[in-house]
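**Q** predicted model and sequence follow; I will ask about them next.
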Amino acid sequence: MYQKTVFELFRRFIDQFLLINLLSRRDGFLLHASGVICEEKGLCFIGPSGAGKSTILRLFSKVVRKEDLLNDDRLALRKRDGRWRVHGTPYHGEFRAASPVSADLAALFFIRQAKHNYVRPLSAGEVCRELMVQTLIPLWDKTASERVIELFGSLLTGVRAYELGFLPDASVIDLIKKTV
């Protein structure tokens, strides 16, 4: 049992290592986030462990199709033909959502647990700071790292970004839909 677990962890590490490298060469990056397609819009919920990424997906699971729950822990963002797309990956978290579909990215939500639901637009500086923390940047490759950081600028000008404070109930879904 132990040997199987160690092998699985190693395989997952190697898979993500390769994906991070490939994405950096193809106008993309891997992000610590959950994602959903709602009303044909790709939505990305970014935050550290425990912020509520799986909770958000659990709430959306009651209002969207299962295949539109992209992932609850790792997403790929990629710029294609001048547009940003969000892609599910196989690297799920506790909710175990992992869909292979993608959609045009409509908004980034940097999530926080709060005493009430709110949305606040973020400045470019705030978004960049958060992306630096939550992106899996290929730090072992200077050129690839620089490429990913350059992509942040394009993302900032092409996609709206917000801070989302939320209660863990369905009321936040309406707020998100109104925002996008």
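**A** Arrived safely.

**Q** ranges for the helices of this structure?
**A** Secondary structure of the chain (DSSP state H): helices located at 2-25, 53-60, 124-134, 142-158, 171-179.

**Q** now the residue nearest the centre of the chain, nearest residue through space, not along the chain?
**A** By Cα atoms, centre = their mean, the chain has its centre lying nearest to A33, at 3.1 Å. In space, and not counting its chain neighbours, A33 is closest to I46: 4.2 Å by Cβ to Cβ, 6 or more residues apart in numbering. All C-beta spots, glycine's among them, are computed from the backbone N, C-alpha and C.

**Q** so that neighbour bridges to which residues?
**A** A33, F110 (DSSP bridges).

**Q** quick one on the thing from earlier: next one: the residue nearest to the centre of the chain relative to V159, how far apart?
**A** The spacing between A33 and V159, counted by Cβ to Cβ, to the nearest Å, is 13 Å.

**Q** what does V63 give?
**A** From V63 to V159 the distance is 22 Å (Cβ to Cβ).

**Q** the two: who's more crowded?
**A** V159 (19 against 14; other Cβ atoms under 10 Å).

**Q** my guess is that one contacts W84, does it?
**A** Yes - here V159 reaches W84: they are 5.4 Å apart, a contact under Cβ atoms under 8 Å.

**Q** got any residues that touch both of the two?
**A** Residues touching both V159 and W84 (Cβ atoms under 8 Å, 6 or more residues apart in numbering): L105.

**Q** hang on, the earlier thing: tell me the contacts of the residue nearest to the centre of the chain?
**A** Counting by Cβ under 8 Å, 6+ apart, A33 touches 44-47, 53, 71, 73-75, 134.

**Q** quick one: low-confidence ranges for the chain?
**A** Applying pLDDT under 70 to the chain picks out residues 1-4.

**Q** and the gap between the residue nearest to Y91 when sequence neighbours are not counted and A114?
**A** Leaving aside its sequence neighbours, Y91 sits nearest to R74 (Cβ to Cβ, 6+ apart; 3.9 Å). Remark: distance between R74 and A114 (Cβ to Cβ) = 24 Å.

**Q** so for the two, which residue has more residues nearby?
**A** Counted by other Cβ under 10 Å, R74 and A114 do not tie: R74 has more neighbours, with 23 against 14.

**Q** wait, the more buried one touches V86, no?
**A** No - assessed by Cβ under 8 Å, R74 is found out of contact with V86, at 11.4 Å.

**Q** show me what the closest residue to L23 other than its chain neighbours is bridged to.
**A** Ranked by Cβ to Cβ, 6+ apart and with sequence neighbours excluded, the top spatial neighbour of L23 is F29, at 5.4 Å. Counting by DSSP bridges, F29 forms beta bridges with L77.

**Q** now do the contacts for F29.
**A** Taking Cβ under 8 Å, 6+ apart as the criterion, F29 is in contact with 20, 23, 76-77, 135-137, 148, 151.
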